[in-house]
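> everything below, folded, please.
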Amino acid sequence: MKNVLNLLAAGLLMSISHSSWAVKSCALRSDMSPASLTVPLSPPVISAGADIPIGTIIYQGSWFDAPFMAVDCPSDGNVGVANWAVAILQAPYALSGLNTGPFAGAVYQTSIPGIGVAISRYNNRAAATLGAMGYRDEDIEIGTLGGEVNFSGATRYISLIKIGPLTPGSYSLSAASLPTASDNMVNSRSGAAIPGLPIQLNRVTFQGNLTISTQTCTTPDVTVGLGTHDIRDNFSGINSTTPWVDASISLTNCPTFYGFYNQTNTTRMMNFTTGVGTVSSSINNSIGVRLAPTTEVIDAANGIMAIDSTVPGAASGVGIQIGWGDSSQTPTLFNFAAEQTQILPKDGSPTIRVPLAARYIQTATTPTPGKANGKVTFTINYY
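This is a model prediction of the structure:
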């Protein structure tokens, strides 16, 4: 049989035995006490779009390689079964009641309305609460000879999550509003209890402030002149068109969009081996653009809307077609039933151009001349 030597971040060196006796008890090694760990919040600023769905992770950071800890577990015979779990020691705010997403039921409120926090053993599950720990998937087996169980190399996670409406603005999240966490050697969820467990291995507190920007741009009204066109020169049959005209929207007074962090780019807040963290590259924020014509929609998928027929002297047999992209190129036809996405830069540009194009399109066999006006309401969602 093989005795356990070490517990590592990615896996455990463990033994399996088939005799029938049990571990006598476990205790933190006599020359050790629970480590006091401080994790600084980083980077200092992120951006979270006010329109992201509830349950979305807007920030995820990790700390890893916590100091080595050892637990003595004398045994008079067989394998004992324990677990290595993360716990919440103290939480300044109540649970949020969020019951969706990977940390459902374990997301605490923070000082910022609409933003909650979870502490977890993995980046996508096993979050802890004051009443329940976040367990390791596999139990720890302690060999028949007992001995020392070593803990090192663990990675733990903190996630900020949208739990309710976000009002556009800039908010400072203090580490004081976040839970205090710990790693623990605990009894298995399914095995017999081992005397002496649970044993606290460390105490983790956070330090500093994190600014969360949910700011938006100023959205102006836009007037687009589609020009005057001769029916004989431009309309030769249904679906014939005039040239594209630029109908872009210029968003002004834009803030810097710093981006965000989730399970795909978790930022490393602290490496306790080196004493420093490593900031990952953030994911760009984006906007979603929706268009809603105030007149009849003739063909939603191809971006065709009717002109305003209530205007005195209105034309007939023509509509307006909207495209997504530059008018000088070949825009994609705008689907009125869908949202178009635009990635936002992180360079602090105060003006952001939303590329739209418009043109007239023949919709009936015999168009008649006249005024051909239309109006579209646009909605910008920030993600």
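> going forward, measure contacts and count neighbours with C-alpha atoms only.
Noted.
> what residue is smack in the middle of this structure?
For the chain, the residue nearest the mean C-alpha position is Ile57 (2.9 Å; CA atoms, centre = their mean).
> tell me how far it lies from Met133.
Separation of Ile57 from Met133 (CA to CA, to the nearest Å): 21 Å.
> go on, Ile142?
Distance from Ile142 to Met133, counting by CA to CA: 21 Å.
> neighbour count: those two, which is higher?
Neighbours were counted for Ile142 and for Met133 using other CA atoms under 10 Å; Ile142 has more, 28 against 23.
> which residues does Thr363 contact?
238-239, 317-319 (CA atoms under 8 Å, 6 or more residues apart in numbering).
> redo those residues as CSV? Include pLDDT, distance to Asn381 and secondary structure.
As requested, those are exported to CSV (pLDDT from 0 to 100; distance: CA to CA, whole Å; DSSP: H, G, I helix; E, B strand; the rest coil):
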residue, pLDDT, distance to Asn381, secondary structure
Ile238, 98, 35, coil
Asn239, 98, 31, coil
Gly317, 98, 34, coil
Val318, 98, 31, strand
Gly319, 99, 27, strand
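> in JSON lines: these, plus neighbour count and distance to Gly275.
Formatted as JSON lines, these follow (neighbours: other CA atoms under 10 Å; distance: CA to CA, whole Å):
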{"residue": "Ile238", "neighbour count": "15", "distance to Gly275": "69"}
{"residue": "Asn239", "neighbour count": "16", "distance to Gly275": "66"}
{"residue": "Gly317", "neighbour count": "17", "distance to Gly275": "71"}
{"residue": "Val318", "neighbour count": "27", "distance to Gly275": "68"}
{"residue": "Gly319", "neighbour count": "26", "distance to Gly275": "64"}
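> so which of the residues you listed would you say is closest to Ser36?
Of all these, Ser36 sits closest to Gly319, with 69.2 Å by CA to CA.
> hang on, the closest one packs against Ala364?
No - using CA atoms under 8 Å, Gly319 is not in contact with Ala364; the gap is 9.2 Å.
> pull out the buried positions in stretch 305-323.
Neighbour-count burial for stretch 305-323, counted by 16 or more other CA atoms under 10 Å, picks out 305-309, 315-323.
> which of those residues fall in strands?
Residues from the buried residues of stretch 305-323 lying in strands, with DSSP state E as the criterion: 305-306, 318-323.
> Throw those into JSON lines and include distance to Thr216, thanks.
Formatted as JSON lines, these follow (distance: CA to CA, whole Å):
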{"residue": "Met305", "distance to Thr216": "29"}
{"residue": "Ala306", "distance to Thr216": "31"}
{"residue": "Val318", "distance to Thr216": "36"}
{"residue": "Gly319", "distance to Thr216": "33"}
{"residue": "Ile320", "distance to Thr216": "29"}
{"residue": "Gln321", "distance to Thr216": "28"}
{"residue": "Ile322", "distance to Thr216": "25"}
{"residue": "Gly323", "distance to Thr216": "24"}
